[in-house]
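Enquirer: Return a 3D structure for these sequence lines:
(one chain, ligands or ions: 1)
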Amino acid sequence: MTIMDMNAHRGADESISDDVREIMERRSRVLGQGYRLFYREPVHLVRGQGAYLWDAAGHQYLDMYNNVPSVGHGHPRVVAAVAEQMATLNTHTRYLHRAVVDYAEDLLGTMPESIDRLMLMCSGSEANDVAIRVARAYTGGEGIVVTSESYHGNTALTSGHSPALGAAQPLDPAARLIAPPDGYRIFDPTRLGAEYAAEMQRVIDAMTADGIRFAGFLADTIFSSDGVFAHPVGLLGPVVDVVHRNGGVVIADEVQPGFARTGVSFWGFGMHGVEPDIVTMGKPMGNGIPISGLAAKAEVLGAYADRMPYFNTFGGNPVSVAAAQAVLDVIRDEDLQRKALVVGAALRSALTDLAKRHELIGDVRGSGQFTGLELVTDRSRRTPAGPLAIEVVEGLRHRGVLTSVAGRDGNILKLRPPLAFAEDDIAWVVDALDAALADVRDGQL
Ligand SMILES: Cc1ncc(COP(=O)(O)O)c(C=O)c1O
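Expert: Here you go, the predicted structure:
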């Protein structure tokens, strides 16, 4: 089963209200079968503020899932910037607009000096789609390595590089899979960097033996859908060297960890001290306004962009850029990177305490406000507690805490709140988890 299906609404819940049932029925009639809903009793949200959400019946929720409204739902500075720009002008990138250039310079200032070009799109999928084409044009190769449960987008090219979509979606013929750098279950945590680099060389050699020329490694730098793997810091250094030695490029997919979430650095790759060749970003970039980007070394991007004109009707429009600029300003002015570091560490410390009372918790890991809570039925064997993890997610939902599962076995809770999440919110998460885990343990589902 895919991660999307693991997290999807399953079966009917008798407690579904008439209001929710009515929207569900009309929705499935007009939107069709491709869409999924979270939870047995789906949530009908009508309002959000900071890290909180409210449903139509007035119940309050704590958002532990959304890294898109990263600086907080309804942040007043983002709202004001968007409203003002929308009332002034909204066009496309074939006219000059100072704010787009100012933003590009500002954003590139957060990157290593060698990454000095920025293209703007609307979604993470579009950014990764162009990134794969750039990697292929620059290297002359075709083969891209991705991690075994990764998700990189919904276009034809990126779907083919998204094994998380499951068996119904064929992999691109030139794509090859590598395990995530999982120091809990797969690799020796004390030798993770070296073992992972050796594994990459093995995958590249097998690809070459299949007659495919290697083009690069496309990696979510916190391996979110693979189950959240952030440590040890520096682990990506040796694998980046292997990719480069084999003539490939490194594409850091920052759609999940980017924009200060990991606390240690502004970008997920920064934590590992590596310099990618291409960086893609999206989700939190506009706090919910669709904007994404691809940053790259001029030489790498040039192999594609010097030959191919690029136009994207909505990409980089002044309204999206106003949102994105406001997000950058808020991250700096509210010191959100440091807040993510401090509050995220406090959350993990509280969860580690909780693990003393709940055998089901096998591992607590992550960085900043990106936490993976791995549930196991047997600590010594590390047996994944996949079906139980979904029950815990449902139990949390009924206690107002919204989140989902990740990883191959669907046994890793992904805790990834807006950065507005504060130290005072920790008790709500921990108490809800305490009760939901106790229910599962005692069989009172
Ligand atoms: C790591 C990663 N890359 C790319 C994407 C695709 O982004 P979008 O949904 O904006 O197209 C996602 C979406 O979940 C993602 O998690």
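Enquirer: List the contacts of G316.
Expert: 92-93, 100, 119-121, 291 (CB atoms under 8 Å, 6 or more residues apart in numbering). C-beta: built from backbone N, CA, C; applies to glycine.
Enquirer: Which one of these sits in the busiest neighbourhood?
Expert: Of all the contacts of G316, I291 has the most neighbours under the rule other CB atoms under 10 Å, reaching 28 neighbours.
Enquirer: looking at it, that one is touching L120, isn't it?
Expert: Yes. In this structure I291 lies within contact range of L120 using CB atoms under 8 Å: 6.6 Å.
Enquirer: any residues in contact with both of these two?
Expert: 315-316, 320-321.
Enquirer: Make TSV from these and add distance to D129 to it.
Expert: As requested, the shared contacts of I291 and L120 are arranged in TSV below (distance: CB to CB, whole Å):
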residue	distance to D129
G315	12
G316	16
S320	18
V321	21
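Enquirer: Would you pull up the residue in the protein closest to the ligand?
Expert: Per CB to the nearest ligand atom, G124 is where the chain lies closest to the ligand, at 2.4 Å.
Enquirer: my guess is that residue meets E254, correct?
Expert: No. Counting by CB under 8 Å, G124 stays clear of E254, with 9.1 Å between them.
Enquirer: that older thread, give me the number of neighbouring residues for the residue of the chain closest to the ligand.
Expert: Counted with other CB under 10 Å, G124 comes out at 27.
Enquirer: and it, backbone torsions?
Expert: When read as degrees, to the nearest 10, the backbone of G124 gives phi -60, psi -40.
Enquirer: Excluding sequence neighbours, find me the nearest residue to it.
Expert: G282 (3.3 Å; CB to CB, 6 or more residues apart in numbering).
Enquirer: isn't that neighbour right next to S292, touching?
Expert: Yes. Counting by CB under 8 Å, G282 touches S292, with 3.5 Å between them.
Enquirer: what do these two both touch?
Expert: With CB under 8 Å, 6+ apart as the test, G282 and S292 both reach 121, 123-124, 127, 255.
Enquirer: hmm, back to that, now, which of the contacts of G316 lie within helices?
Expert: Using DSSP state H, the subset of the contacts of G316 located in helices is V100.
Enquirer: Just the ones of the contacts of G316 in strands?
Expert: 119-121 (DSSP state E).
Enquirer: now, which of the residues you listed sits nearest T88?
Expert: L120 (18.8 Å; CB to CB).
Enquirer: Next secondary structure after whichever helix or strand E195 is part of?
Expert: Taking DSSP states H and E as the criterion, E195 maps to helix 192-209. Using DSSP H and E, the helix or strand that follows helix 192-209 towards the C-terminus is strand 214-220.
Enquirer: Could you list the buried residues of the next helix or strand after that following strand?
Expert: Remark: after strand 214-220, the chain's next helix or strand is helix 236-245, criterion DSSP H and E. Buried residues in helix 236-245, counted by 16 or more other CB atoms under 10 Å: 236, 238-240, 242-243.
Enquirer: Flag every residue of the stretch 1-150 of the chain that's near the ligand.
Expert: Selection of the stretch 1-150 of the chain residues close to the ligand by CB under 6 Å from any ligand atom yields 123-125, 128.
Enquirer: By neighbours, which of the residues you listed wins?
Expert: Counting by other CB under 10 Å, top hit in those: N128 with 32 neighbours.
Enquirer: and stretch 395-415, anywhere near the ligand?
Expert: No. Contact of stretch 395-415 with the ligand is not found when judged by CB under 6 Å from any ligand atom; the minimum separation is 10.0 Å.
Enquirer: With stretch 254-271 instead?
Expert: Yes. Residues of stretch 254-271 are located near the ligand by CB under 6 Å from any ligand atom, namely 255-256.
Enquirer: Now do that stretch: distance from first to last residue.
Expert: With CA to CA, to the nearest Å as the measure, stretch 254-271 spans 12 Å from end to end.
Enquirer: what separates that stretch from the chain centre, distance-wise?
Expert: 10 Å (CA atoms, centre = their mean, to the nearest Å).
Enquirer: follow-up on the earlier one: make TSV out of the ones in strands among the contacts of G316 and add distance to V43.
Expert: Output for these, formatted as TSV (distance: CB to CB, whole Å):
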residue	distance to V43
M119	35
L120	32
M121	29
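Enquirer: and those residues as TSV, adding pLDDT?
Expert: TSV is the format used below for those (pLDDT from 0 to 100):
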residue	pLDDT
M119	98
L120	98
M121	98
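Enquirer: In terms of secondary structure, what does the lengthiest strand in the chain contact?
Expert: Ranked by residue count and defined by DSSP E, the top strand of the chain is strand 370-378. If contacts are counted by 3 or more CB pairs under 8 Å, 6 or more residues apart in numbering; DSSP states H and E, strand 370-378 sits against helix 336-355, strand 361-367, strand 383-384, helix 386-397, strand 412-415.
Enquirer: right, so the ones you listed: which one is the most enclosed?
Expert: strand 412-415 (a mean of 27; mean count of other CB atoms under 10 Å).
Enquirer: re earlier: got a quick ChimeraX command for the buried subset of the shared contacts of I291 and L120?
Expert: Buried residues among the shared contacts of I291 and L120 (16+ other CB under 10 Å), as a ChimeraX selection:
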select :315,316,320,321
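Enquirer: Mind checking which of the shared contacts of I291 and L120 land in helices?
Expert: Using DSSP H, the shared contacts of I291 and L120 in helices are 320-321.
Enquirer: among the shared contacts of I291 and L120, which two are most distant?
Expert: Within those, G315 and V321 form the most distant pair, 9.9 Å apart (CB to CB).
Enquirer: ok so, going back, contact partners of the helix holding E195?
Expert: Residues contacting helix 192-209 (CB under 8 Å, 6+ apart): 143, 145, 174, 176-179, 181, 183, 187-188, 214, 217, 232, 234-239, 241-243, 246, 248.
Enquirer: Could you give me the buried positions within that helix?
Expert: Buried-residue list, helix 192-209, by 16+ other CB under 10 Å: 192-193, 195-197, 199-201, 203-204, 207.
Enquirer: which residue ranges form the helices in the stretch 1-150 of the chain?
Expert: Using DSSP state H, counting those that start in this stretch, the helices of the stretch 1-150 of the chain run over 3-6, 18-31, 76-88, 98-108, 124-139.
Enquirer: By mean pLDDT, show me the worst of the ones you listed.
Expert: Mean pLDDT per stretch puts helix 3-6 lowest among the helices of the stretch 1-150 of the chain, at a mean of 68.
Enquirer: Mind listing what's buried along stretch 27-47?
Expert: 37-42, 44.
Enquirer: quick one on the thing from earlier: quick one: the helix holding E195 to strand 214-220, angle?
Expert: If you take axes from the mean of the first three to the mean of the last three CA atoms, to 10 degrees, helix 192-209 sits at 140 degrees to strand 214-220.
Enquirer: In contact with G288, which residues are there?
Expert: Applying CB under 8 Å, 6+ apart to G288 gives the contacts 68-69, 78, 323.
Enquirer: For Q256, what is the enclosing helix or strand?
Expert: Here Q256 sits in a region with no helix or strand, counting by DSSP H and E.
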